[in-house]
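Colleague: Provided below are the primary sequence and the corresponding predicted coordinates.
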Amino acid sequence: MSLGRRGLLQVAAAVAALGGDAFAQRREPTQEDLLAFKATGQVTLLNFTDLHAQIVPIYFREPSANIGVGADRGLPPHIVGEKLLAAYKVGRNSVGAYALACADFEDLARTYGRLGGLDRLSTLIKAIRAERGNDKVLLLDGGDTWQGSYSALQTRGADMVKIINALKPDAMTGHWEFTYGQQRVQELIKQLEFPFLAGNVKDATWGDPVFQPSAVFQRGGLSIGVIGQAFPYTPIANPRYLVPDWEFGIDEDRIAANVEKLRNDKVDLVVLLSHNGFDVDRKLASRVKGIDVILTGHTHDALPMPVKVGDTLLVAAGSHGKFLARLDLEVRDRRIRNYEFRLIPVLSEIIDPDPDLTALVYEAREPYGDKLDKVLGRTEALLYRRGNFNGTFDDLICQALLAERDAEIALSPGFRWGSTLLPDQDITGDGLFNQTAITYPAAYRTEMTGAYLKQVLEDVADNLFNPDPYYQQGGDMVRAGGLAYTIAVDKPVGQRISDMTLLKTGQKIDAAKKYVVSGWASINEGTEGPPVYDVVARHIQRIQTVRLQPNRRVKVVVADDAGYLPG
């Protein structure tokens with residue numbers, strides 16, 4: 001698989017972007033290694049995104065499948081595992097390999113330890129601000145920040161607002177934030193000490209902007225315009241009833257108008273703080289001129305180098321607090337003339353925690369200690385979520401739905417958030433809620449015809465593999481328990497799913513027959529059922545030890561092996 005000519009031109013700089021030998025070769029770096037950088041130009045952009053309320057260090061395994069389609073086939077971020085390491089010349093068993101890829105994950109996790117933790121992220125941010133000077137640094141939060149943990153769910157995002165305020169970002173945008181409901185979002189935004197930017201959200205009745213679309217900052221003698229772009233498909237991917245009065249969309253024309261306004265106001269640099277997803281932003285960059293940098297989020301991609309589209313740099317800073325992206329820019333005559341970049345892995349065991357942030361993290365979690373620390377069982381398997389088609393934690397959730405809800409087939413959404421558990425780790429309440437903490441958790445039990453089941457799978461597959469990025473909504477394939485099927489990625493809409501088989505009987509799914517199905521995270525208002533975290537907790541407590549292998553019941557047919565490593 002090839003990176004293509006554009007990517008190959010960047011590979012020579014990739015090892016440097018990872019931090020040189022300390023990252024590309026097998027040796028443990030120091031905090032000084034993480035921060036070592038060739039300061040360049042007048043301004044530093046710092047960026048994190050898709051934190052999903054992970055405020056303490058975690059393990060997080062990157063995907064083994066991330067298939068690109070259409071014009072994006074074979075391009076970053078659609079290369080994974082060993083292919084990614086080879087493409088960017090990252091040494092096997094190195095820190096860079098551990099942070100960026102799924103290869104040898106268990107061994108490397110035990111070698112290098114957990115990543116993330118906001119008290120460690122704060123240490124890096126403060127050090128860079130001290131080195132460059134506050135007047136040269138702009139810190140931007142790409143959204144999906146307030147959701148994904150038990151404490152965030154219980155406080156309805158308030159704990160995250162308080163902690164993020166302490167990091168002193170300059171702006172943020174959003175997506176899962178909206179799942180607390182529009183009234184709560186407005187309440188929390190009033191508590192922010194920085195602007196919430198989302199130029200593509202408008203009032204459903206009058207079309208007026210709901211949020212501030214952009215902001216201008218003075219850094220390093222430059223005027224920098226930042227445009228916020230919230231997730232454009234929020235009312236489709238998440239419950240519409242939570243944001244009934246707001247409309248979302250990619251809204252190219254509005255972005256272009258905001259860019260033009262900023263350019264007319266003589267800004268030196270235009271930054272799009274985006275939660276569109278990488279492929280959407282790659283297409284957007286080719287169509288909307290005048291954007292210098294897109295800080296892209298939503299699809300959780302972590303790339304050791306920016307991707308250049310025309311004159312626009314796309315930066316993908318990963319997820320879950322694993323990375324801090326640093327982009328130094330030299331700007332002359334309102335154009336980027338030179339830049340240096342590093343995707344800094346937040347190695348929790350070698351970074352001195354910021355005591356002020358440690359205290360805030362403790363304050364957020366301490367009231368829920370009994371719930372978070374409660375041991376439900378133990379796993380003998382690696383439990384992870386990421387991958388286009390399967391995740392072992394999702395397999396566990398499906399097993400629980402089948403067993404505890406007396407169902408023939410289980411469906412679990414292809415969410416990309418959720419921490420990883422290593423073999424021989426305890427499964428705690430904390431680990432379970434990191435996979436299930438949402439505001440619409442009902443584990444439903446219903447009947448579906450075979451024809452409707454196929455339609456569900458086809459709809460999700462088209463969301464993932466439509467060759468036009470503007471019709472992709474992010475996320476991964478819905479996970480299925482009790483069901484085997486074949487998916488032909490390159491087929492047209494409605495023709496990708498075949499050979500659907502009920503594992504309980506070994507019989508082909510009958511389009512006219514009804515099957516008992518259990519799932520969770522339905523976007524339909526009024527869905528009934530116990531919270532999924534209670535269902536899964538009960539199942540784990542009953543079986544005590546989780547033993548499972550990666551799900552091999554999904555047969556993937558693809559024109560080539562682009563981005564696909566089974567498992």
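Modeller: Here it is on my side, so go on. Numbering: from 1, shown residues only.
Colleague: which residues touch the nearest residue to residue 531 once chain neighbours are set aside?
Modeller: Leaving aside its chain neighbours, residue 531 sits nearest to residue 441 (4.2 Å; criterion: C-beta to C-beta, 6 or more residues apart in numbering). (Glycine included, C-beta is placed from N, CA and C.) Contact partners of residue 441, counting by C-beta atoms under 8 Å, 6 or more residues apart in numbering, are 520, 521, 531, 532, 533.
Colleague: Is it correct that residue 409 is in contact with residue 453?
Modeller: Yes - counting by C-beta atoms under 8 Å, residue 409 does reach residue 453; the two are 7.1 Å apart.
Colleague: Quick check: neighbours shared by these two?
Modeller: With C-beta under 8 Å, 6+ apart as the test, residue 409 and residue 453 both reach 483, 515, 517.
Colleague: from the residues you listed, which is closest to residue 155?
Modeller: residue 517 (33.0 Å; C-beta to C-beta).
Colleague: Surely the closest one forms part of a strand?
Modeller: Yes - when DSSP: H, G, I helix; E, B strand; the rest coil is applied, residue 517 is found to be in a strand.
Colleague: In the helix or strand containing residue 121, which residues are buried?
Modeller: If you go by DSSP states H and E, residue 121 is part of helix 118-132. Neighbour-count burial for helix 118-132 flags 118, 119, 120, 121, 122, 123, 124, 125, 127, 128, 129, 132 (criterion: 16 or more other C-beta atoms under 10 Å).
Colleague: okay, the helix or strand immediately after that helix in the chain in PDB with CA atoms only?
Modeller: Per DSSP H and E, the first helix or strand lying C-terminal to helix 118-132 is strand 137-141. Taking C-alpha atoms only, strand 137-141 is exported to PDB below (Å, rounded to 0.1, in the frame of the first residue of the first chain):
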ATOM      1  CA  VAL A 137       1.100  30.200  21.900                       C
ATOM      2  CA  LEU A 138      -2.500  29.400  20.900                       C
ATOM      3  CA  LEU A 139      -4.100  26.300  22.500                       C
ATOM      4  CA  LEU A 140      -7.200  24.900  20.800                       C
ATOM      5  CA  ASP A 141      -9.600  22.100  21.900                       C
END
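Colleague: Beyond strand 137-141, next helix or strand please.
Modeller: Next in sequence after strand 137-141, counting helices and strands by DSSP H and E, comes helix 150-155.
Colleague: how far is that next one from where the chain is centred?
Modeller: Distance of helix 150-155 from its chain centroid, counting by C-alpha atoms, centre = their mean, to the nearest Å, is 19 Å.
Colleague: Stretch 275-289 too?
Modeller: For stretch 275-289, the distance to the chain centre is 17 Å (C-alpha atoms, centre = their mean).
Colleague: what residue ranges in the stretch 1-150 of the chain are flagged as low confidence?
Modeller: 1-27 (pLDDT under 70).
Colleague: Walking through it, point out its strands one by one.
Modeller: Secondary structure of the stretch 1-150 of the chain by DSSP state E, counting those that start in this stretch: the strands cover 43-48, 137-141.
Colleague: Can you lay out those strands as CSV showing distance to residue 432 and mean neighbour count?
Modeller: Shown next, in CSV, are the strands of the stretch 1-150 of the chain (distance: least, C-beta to C-beta, whole Å; neighbours: other C-beta atoms under 10 Å):
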stretch, distance to residue 432, mean neighbour count
strand 43-48, 25, 26
strand 137-141, 26, 24
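Colleague: Residue 91 is nearest to which of those strands?
Modeller: Here strand 43-48 is closest among those (C-beta to C-beta), at 25.2 Å.
Colleague: quick check: angle from that closest one to helix 118-132?
Modeller: If you take axes from the mean of the first three to the mean of the last three C-alpha atoms, to 10 degrees, strand 43-48 sits at 180 degrees to helix 118-132.
Colleague: Check which helices and strands strand 43-48 sits against.
Modeller: helix 118-132, strand 137-141, strand 293-296, strand 323-332 (3 or more C-beta pairs under 8 Å, 6 or more residues apart in numbering; DSSP states H and E).
Colleague: what's in contact with that strand?
Modeller: 121, 125, 128, 132, 136-142, 219-220, 222, 224, 269, 271, 293, 295, 315, 317, 321, 323-329, 331.
Colleague: Counting neighbours, what do you get for the residue nearest to residue 282 when sequence neighbours are not counted?
Modeller: Leaving aside its chain neighbours, residue 282 sits nearest to residue 309 (5.8 Å; criterion: C-beta to C-beta, 6+ apart). Around residue 309 there are 18 other residues, counting by other C-beta atoms under 10 Å.
Colleague: contacting residues around residue 309?
Modeller: By C-beta under 8 Å, 6+ apart, the contact set of residue 309 is 282, 285, 286.
Colleague: Would it be right to say that the second one lies in a helix?
Modeller: Yes - residue assignment for residue 285, taken from three-state DSSP, places it within a helix.
Colleague: Report the separation between it and residue 342.
Modeller: Using C-beta to C-beta, to the nearest Å, residue 285 is found at 21 Å from residue 342.
Colleague: got the residue ranges for the helices in the stretch 1-150 of the chain?
Modeller: Counting by DSSP state H, counting those that start in this stretch, the stretch 1-150 of the chain has helices at residues 4-11, 14-17, 21-24, 31-35, 81-87, 95-100, 105-112, 118-132, 150-155.
Colleague: Output these as TSV; include the columns distance to residue 413.
Modeller: Output for the helices of the stretch 1-150 of the chain, formatted as TSV (distance: least, C-beta to C-beta, whole Å):
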stretch	distance to residue 413
helix 4-11	31
helix 14-17	33
helix 21-24	34
helix 31-35	35
helix 81-87	24
helix 95-100	25
helix 105-112	23
helix 118-132	26
helix 150-155	16
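Colleague: on that earlier part again, for residue 349, find the nearest of the helices and strands packed on strand 43-48.
Modeller: Proximity of the helices and strands packed on strand 43-48 to residue 349 was assessed by C-beta to C-beta; the nearest stretch is helix 118-132, lying at 9.2 Å.
Colleague: All set, thanks.
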